[in-house]
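Novice: Have a look; sequence and predicted model below, questions after that.
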Amino acid sequence: MVKKKKRKTTRDRWSSHWIFLFAAIGSAVGIGNVWRFPYLAGKYGGGAFLIPYLIVLFLLGIPILILEYALGRRMQRGAVGAFGKINSKLKGVGVNAVFVGFIVCAYYSVVMAWSLIYFLHSFRVSWAPNPKEFFFTNVLEISSNIRFLDGINWIIFAALIAVWVLIYFCVWKGTKSVGKVVMITMPLPVLLIIVMAIRGITLPGSLEGILFYLTPNFRALFDIQVWNAAISQIFFTLSIAFGIMIAYASFNAEMQIKKDAWIIAVINSAISLIAGFAVFATLGFMAARQGLPVSEIAAAGPSLAFIAFPQALSLMPFAALFSLIFFITLISLAIDSAFSLVESVSTVFSDKFKKLSKPWIAAGVCFVGFLTGIIFTTRAGMYFLDLVDHFVTNYGLVLVGVAECVVIGWFYGAPRLRRYINRDADWKLGKWWDFSIKYLCPAVLLYLVIAQFVVDVTENYGGYPDWAIWIGWLVVLAPIAVSVVISLWPGKR
Ligand code: PFF
């Protein structure tokens, strides 16, 4: 039985509810909104992609976000402690979430390091006229394939140090410092995205790009790949299954769980949509200038942010100004997402080791995060980043999502948590939520993992050699193994 003893709480607290909203939106809105969402929409059916995207958002994304907020608020612990309070054998679910988040942070910070390098080159728009070569040869100095590490690229290494110092000074005092930083890093990039969207739409040729972005191809809805893409995007974009939203909610003494989850999710997706306009209007302009179809220019992930978009910027009037704006946007978008990942880990340690001071814990986490990221600063770093990202987002994340739903749906009891959510709630949560958490989410997510597994065992992802694929599997299995050991470790919780 839980003894109800009033204890003076020393838990870190957001200084206001607004700050919590800013921090949570800051975590959700990241580089993923600017490069991943528009690219997926363009590739998977244009406007029709919005249909699976929104269905997944409402049926899976928001319910799991509500679950995480409720858990964090209810248990007043980070991910590990929150699951541990349900049953100490369940701590592993939290460990896995935080571990996966930590790996994402290790490479997310490297993408920030690239952005920082581009920011410095923006003053002279150094990539014009050859942005592809600039990215691969000048910035990454990429090796011929994943077999050749070819040593560390010291410029990226130095930029990575700078990024981690930046992250550290955002999180070193926990909610106090984070609260101040998010007042700038949340609204600034949103404003800049709006500026870029307006700028993009007013460029000649932008309409072609926007049409490419939004013209619906309803046949895409019958393609399972499209649904997979929508699900992994929703997880990534809402920052769910990383332990962050649990930690952030645990710093609230009061919150409107359902209402807050809706506000955060809707704002996040609205920003993705607007970012799509900025990106495709600009690519349309470039396509028109070069006499190419937009589809040839709309490239994936890093290529979009570091090749196609910079090239388009270099063709604009005031190229240096808009390049600076774009890379400030990327960095400020990414920083609050990156430090939310650090917060998720530090919260777990400060829950456990109450005597350790926050700045020291944060320093330790940042240092290990930096060390882990070094592999991505080698000349084969981009290949490793691609590989690790594939395995972590397709398996690590989704499996954590399944585990969270199973624990709450089948073990803790979805109706029980829903009753808690509905106490003093302005917006009541209906019974459909229980159904979503108990059946719908785990079934869909499991199906997704299995479908992806079938693909990954039949062909090597990205054509990488077997040993590299094993590294990918290791990145999935190591957190699971550690979680199991910690869960089964004898002792009190
Ligand atoms: N939500 C961020 C984005 O879309 O870029 C990425 C992210 C941040 C994922 C934080 C996970 C996370 F914990």
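Specialist: It's in.

Novice: Who are the contact partners of residue 118?
Specialist: Taking Cβ atoms under 8 Å, 6 or more residues apart in numbering, we find residue 118 in contact with 127, 139, 306, 310, 323, 327, 330. For glycine as for every other residue, the C-beta is placed from the backbone atoms N, C-alpha and C.

Novice: what is the rounded mean pLDDT of the one helix or strand it maps to?
Specialist: Counting by DSSP states H and E, the element that carries residue 118 is helix 91-121. Mean pLDDT, helix 91-121: 96.

Novice: What residues sit buried inside that helix?
Specialist: Judged by neighbour count (16 or more other Cβ atoms under 10 Å), helix 91-121 contains these buried residues: 91-119, 121.

Novice: Does it reach the ligand?
Specialist: Yes. For helix 91-121, a contact with the ligand is found by Cβ under 6 Å from any ligand atom, at 101, 104.

Novice: Next SSE downstream of that helix?
Specialist: Note on helix 91-121: by DSSP H and E, the next helix or strand toward the C-terminus is helix 131-133.

Novice: for that following helix, packing partners?
Specialist: Packed against helix 131-133 by the contact rule (3 or more Cβ pairs under 8 Å, 6 or more residues apart in numbering; DSSP states H and E) you find helix 309-315.

Novice: now what about the helix it packs on, what contacts it?
Specialist: Contacts to helix 309-315, defined as Cβ under 8 Å, 6+ apart, come from residues 118, 125, 127-129, 131, 134-135, 279, 282-283, 285-286, 289, 319, 322-323, 326.

Novice: distance of residue 332 from residue 160?
Specialist: 18 Å (Cβ to Cβ, to the nearest Å).

Novice: With neighbour numbers in mind, choose between those two.
Specialist: Applying other Cβ atoms under 10 Å to residue 332 and residue 160 shows that residue 160 carries more neighbours, namely 26 against 21.

Novice: ok, that one to the ligand distance?
Specialist: Distance of residue 160 to the ligand, computed by Cβ to the nearest ligand atom, to the nearest Å: 17 Å.

Novice: again, but for residue 229
Specialist: Per Cβ to the nearest ligand atom, residue 229 is found 14 Å from the ligand.

Novice: The residue nearest to residue 391 when sequence neighbours are not counted: which element?
Specialist: Residue nearest to residue 391 in three dimensions, not counting chain neighbours: residue 472, with 3.9 Å by Cβ to Cβ, 6 or more residues apart in numbering. In the assignment (DSSP H and E), residue 472 maps to helix 466-488.

Novice: Roughly how far does the residue of the stretch 251-400 of the chain found nearest the ligand sit from residue 234?
Specialist: Using Cβ to the nearest ligand atom, the single residue of the stretch 251-400 of the chain nearest to the ligand is residue 337, 3.4 Å away. As judged by Cβ to Cβ, residue 337 and residue 234 stand 15 Å apart.

Novice: Which residues of this protein lie near the ligand?
Specialist: 27-28, 30-33, 101, 104, 236-237, 239, 242, 244, 337, 340-341.

Novice: Just those residues: which are in helices?
Specialist: Among the residues of the chain next to the ligand, the residues falling in helices (DSSP state H) are 27, 28, 31, 101, 104, 236, 237, 244, 337, 340, 341.

Novice: low-scoring stretches of the stretch 1-150 of the chain, by residue?
Specialist: 1-9 (pLDDT under 70).

Novice: cutoff 80 now
Specialist: Within the stretch 1-150 of the chain, the stretches with pLDDT under 80 are 1-10, 45.

Novice: same check, this time on the stretch 351-493 of the chain
Specialist: For the stretch 351-493 of the chain, the stretches with pLDDT under 80 are 490-493.

Novice: now the strands for it?
Specialist: Along the stretch 351-493 of the chain, no segments are classed as strands by DSSP state E, counting those that start in this stretch.

Novice: what's near enough to touch the most centrally placed residue in the chain?
Specialist: Geometric centre of the chain, nearest residue: residue 236, 4.2 Å, by Cα atoms, centre = their mean. Taking Cβ under 8 Å, 6+ apart, we find residue 236 in contact with 32, 36, 393, 397.

Novice: name the helices or strands packed onto the helix holding residue 472?
Specialist: Packing contacts for helix 466-488, counted by 3+ Cβ pairs under 8 Å, 6+ apart, involve helix 91-121, helix 381-391.

Novice: wait, which of those helices is closest to residue 487?
Specialist: When those are compared by Cβ to Cβ, helix 91-121 sits nearest residue 487, at 3.5 Å.

Novice: and the angle from the closest one to helix 381-391?
Specialist: Put simply, helix 91-121 runs at 140 degrees to helix 381-391, going by axes from the mean of the first three to the mean of the last three Cα atoms, to 10 degrees.

Novice: now the angle from helix 91-121 to helix 466-488?
Specialist: Using the same axes, to 10 degrees: helix 91-121 against helix 466-488 is 130 degrees.

Novice: Quick one: distance of helix 91-121 to the chain centre.
Specialist: Distance, stretch centre to chain centre, for helix 91-121: 9 Å (Cα atoms, centre = their mean, to the nearest Å).

Novice: one step back: nearest to residue 205 among the helices and strands packed on helix 466-488 would be which one?
Specialist: Residue 205 lies closest, by Cβ to Cβ, to one member of the helices and strands packed on helix 466-488: helix 91-121, at 23.8 Å.

Novice: Let me have the contacts of residue 118 in CSV, extended by distance to residue 180, neighbour count and secondary structure.
Specialist: Shown next, in CSV, are these (distance: Cβ to Cβ, whole Å; neighbours: other Cβ atoms under 10 Å; DSSP: H, G, I helix; E, B strand; the rest coil):
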residue, distance to residue 180, neighbour count, secondary structure
127, 34, 23, coil
139, 32, 22, helix
306, 30, 27, helix
310, 31, 25, helix
323, 28, 25, helix
327, 23, 24, helix
330, 21, 26, helix
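
Novice: ok, the residue nearest to residue 461 when sequence neighbours are not counted - contacts?
Specialist: Once flanking residues are discounted, residue 461 sits nearest to residue 390: 5.4 Å by Cβ to Cβ, 6+ apart. Taking Cβ under 8 Å, 6+ apart, we find residue 390 in contact with 461, 462, 472.
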